[in-house]
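Student: no sequence on this one, just coordinates:
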Ligand SMILES: NC(=O)c1ccc[n+]([C@@H]2O[C@H](COP(=O)([O-])OP(=O)(O)OC[C@H]3O[C@@H](n4cnc5c(N)ncnc54)[C@H](O)[C@@H]3O)[C@@H](O)[C@H]2O)c1
Ligand SMILES: O=c1ccn([C@@H]2O[C@H](COP(=O)(O)OP(=O)(O)O[C@H]3O[C@H](CO)[C@@H](O)[C@H](O)[C@H]3O)[C@@H](O)[C@H]2O)c(=O)[nH]1
């Protein structure tokens, strides 16, 4: 089928490459000229495992093209995906300006029936607004062209996006048009070979499904961070508690890892947007408030632990940081807990030596040159001459360091394990002070 995708970010580019992999002819449109130029030259602007080979393969066989020119891309399409950003507005609600700009562009160029598929995460009611925006442009042209707008939220995870897209748990389709659902059934048939993953519902329910999924996952994380904070106070180890509850299939092991708080481009903004939707409808979503509040204070935990260890005086201290990306296997630093930590360390007069396997360019882009930040070429280099080490992101390469060497490198001999990667007793045997998250066994809490 002829597919056009607006937006070549994590969702648009991955979707485009995966749909090309299934034999569709895909054109990706973006307003960012530099991004499109790089993509045309075969440069994939984001780090996402497995994406580069797919993009190269289908750019070479002609199934995947990139352009900044929306007109021909709209005219050729059986399906048009909207996969542009929906960042938080000033009050936390989703900013729909990019989605609606694409809708107007579609309306200006549409020539024949197409299915407009919204993949961006958008508040309930957006499908109606997209439909109205397209219709308004058609009226300006006095054009009578039928089209359908479908909500098809995306559930991929960064770092695993290609696998998630090729083998989705479910494909949620929100549409009241039988014709549009048929078109999507055909498009997604190769993804449905072993069992039908399509869940068809109305647009509003599909839009809410996306927020409900992210809010549920964020709730699990905040709940577990809350349990971790209780565990510290009562002298229990949350890692044992995690295993103890995860073995109950009703709870499960997924998304119950305590840590430095959730980050990324989705959970923080989507929890906030759902809260705003509820508030706008006169409902006080107390649970969502709590999820967000717990997360904000959890992002400050690593700094609090360091500050307590150094008795409130971090001025002139040098802190090594392993991991800057908001999670492993990505270079994305949007809302990353590392940013909260570094800001607090700088505010307290400390300097930072940081290393991340993939996010160094992004870190350079965000912070530029500063006297209080050394971006290091390796994990080893980051700890040389530092007083303490903080693990913020659980990259595999940080999982089994040589603690004896770390003891020699770290002047004050302190490890803050923000992801509970290590066994406290093993770290302590090397003569290091160990602090984890919710590991009451080794941490007497007074704060
Ligand atoms: N990143 C994820 O893991 C993920 C997963 C599921 C859903 N989502 C949702 O999908 C949407 C996109 O997220 P993303 O992370 O891919 O965003 P992104 O910021 O990485 O990419 C968005 C792209 O859209 C482009 N764009 C903006 N206006 C445009 C226009 N008028 N025409 C063409 N292109 C335009 C931007 O230049 C940018 O390249 C958001 O609503 C997000 O919440 C994201
Ligand atoms: O047990 C856990 C699991 C995750 N996290 C943190 O939660 C954040 C988000 O992680 P993850 O969900 O793996 O990454 P995203 O790429 O943000 O994916 C989420 O957001 C996407 C955008 O909406 C959705 O499509 C995905 O289904 C949803 O998992 C990260 O900071 C993680 O460190 C924890 O602290 N503990």
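Tutor: Received, thanks. Predicted, not measured: the structure shown is a model, and the values here were computed from it. Ligands and ions are numbered 1, 2, ... in the order given.

Student: Could you report the pLDDT at the most far-flung residue of the chain relative to its centre?
Tutor: Most distant residue from the mean C-alpha position of the chain: residue 142, 41.3 Å away (CA atoms, centre = their mean). The model reports residue 142 with a pLDDT of 97.

Student: ok so it is a helix residue?
Tutor: No. With DSSP: H, G, I helix; E, B strand; the rest coil as the criterion, residue 142 is coil rather than part of a helix.

Student: what are the phi and psi values for it?
Tutor: With angles defined as degrees, to the nearest 10, residue 142 sits at phi 50, psi 40.

Student: what's the answer for residue 265, then?
Tutor: phi -90, psi 0.

Student: got the contact list for it?
Tutor: Applying CB atoms under 8 Å, 6 or more residues apart in numbering to residue 265 gives the contacts 10, 158, 332, 334-335. Glycine gets a C-beta too; all of them are placed from N, C-alpha and C.

Student: circling back: how much space between the residue farthest from the centre of the chain and ligand 2?
Tutor: Going from residue 142 to ligand 2 by CB to the nearest ligand atom, to the nearest Å gives 39 Å.

Student: Tally up the residues packed near residue 397, please.
Tutor: 15 (other CB atoms under 10 Å).

Student: helix/strand/coil for it?
Tutor: Residue 397 ends up helix, using three-state DSSP.

Student: Next one, pLDDT for it please.
Tutor: 97.

Student: And the one 10 residues further on, by the same measure?
Tutor: pLDDT for residue 407: 97.

Student: ok, residue 240 to residue 280 distance?
Tutor: Separation of residue 240 from residue 280 (CB to CB, to the nearest Å) stands at 42 Å.

Student: can you list the domains in this structure?
Tutor: 2-200, 218-442 (automatic domain parsing).

Student: In CSV: those domains, plus distance to residue 211.
Tutor: Listed next are the domains of the chain as CSV, based on distance: least, CB to CB, whole Å:
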stretch, distance to residue 211
domain 2-200, 7
domain 218-442, 4
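
Student: what does the stretch 251-400 of the chain put close to ligand 1?
Tutor: The stretch 251-400 of the chain comes close to ligand 1 at residues 265-266, as judged by CB under 6 Å from any ligand atom.

Student: and residue 391, bridged to which residues?
Tutor: Beta bridges link residue 391 to residue 322, residue 417, judged by DSSP bridges.

Student: Strands of the stretch 101-250 of the chain, start to end?
Tutor: 114-118, 147-151, 171-174, 198-201 (DSSP state E, counting those that start in this stretch).

Student: strand partners of the last one, parallel vs antiparallel please.
Tutor: Meaning strand 198-201. strand 171-174 (parallel).

Student: what does the first one give?
Tutor: Take DSSP bridges as the rule and strand 114-118 pairs in its sheet with strand 79-82 (parallel), strand 147-151 (parallel).

Student: which of the ones you listed sits most buried?
Tutor: strand 79-82 (a mean of 28; mean count of other CB atoms under 10 Å).

Student: need the contact list for whatever residue of the stretch 51-200 of the chain ends up closest to ligand 2.
Tutor: Closest contact between the stretch 51-200 of the chain and ligand 2, by CB to the nearest ligand atom, is at residue 158 (3.5 Å). Residues in contact with residue 158, defined by CB under 8 Å, 6+ apart, are 10, 48, 264-265, 327, 329-330, 332.

Student: Quick check: the gap between it and residue 123.
Tutor: Relative to residue 123, and taking CB to CB, residue 158 is found at 22 Å.

Student: Residue of the stretch 201-350 of the chain nearest ligand 1, please.
Tutor: Closest point on the stretch 201-350 of the chain to ligand 1, by CB to the nearest ligand atom, is residue 265, at 4.9 Å.

Student: Just tell me which of the domains of the chain ends up closest to residue 209.
Tutor: domain 2-200 (5.4 Å; CB to CB).

Student: quick one on the thing from earlier: of the contacts of residue 265, which is the nearest to residue 183?
Tutor: Looking across the contacts of residue 265 and measuring by CB to CB, the closest to residue 183 is residue 10, at 24.5 Å.

Student: Phi, psi for residue 30 please.
Tutor: phi -140, psi 150.

Student: oh sorry, the question was meant for residue 328
Tutor: phi -70, psi 160.

Student: What about the closest residue in space to it that isn't next to it in sequence, how many residues nearby?
Tutor: Spatial nearest neighbour of residue 328, excluding adjacent residues (CB to CB, 6 or more residues apart in numbering): residue 395 at 4.6 Å. Residues near residue 395, counting by other CB under 10 Å, number 22.

Student: Please, where are all the helices along the stretch 51-200 of the chain?
Tutor: Counting by DSSP state H, counting those that start in this stretch, the stretch 51-200 of the chain has helices at residues 51-60, 70-75, 97-109, 126-140, 161-166, 178-188.

Student: Please produce a markdown table containing those, extended by mean neighbour count and distance to residue 417.
Tutor: Listed next are the helices of the stretch 51-200 of the chain as a markdown table, based on neighbours: other CB atoms under 10 Å; distance: least, CB to CB, whole Å:
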| stretch | mean neighbour count | distance to residue 417 |
| --- | --- | --- |
| helix 51-60 | 17 | 31 |
| helix 70-75 | 18 | 48 |
| helix 97-109 | 20 | 39 |
| helix 126-140 | 18 | 41 |
| helix 161-166 | 19 | 27 |
| helix 178-188 | 16 | 42 |
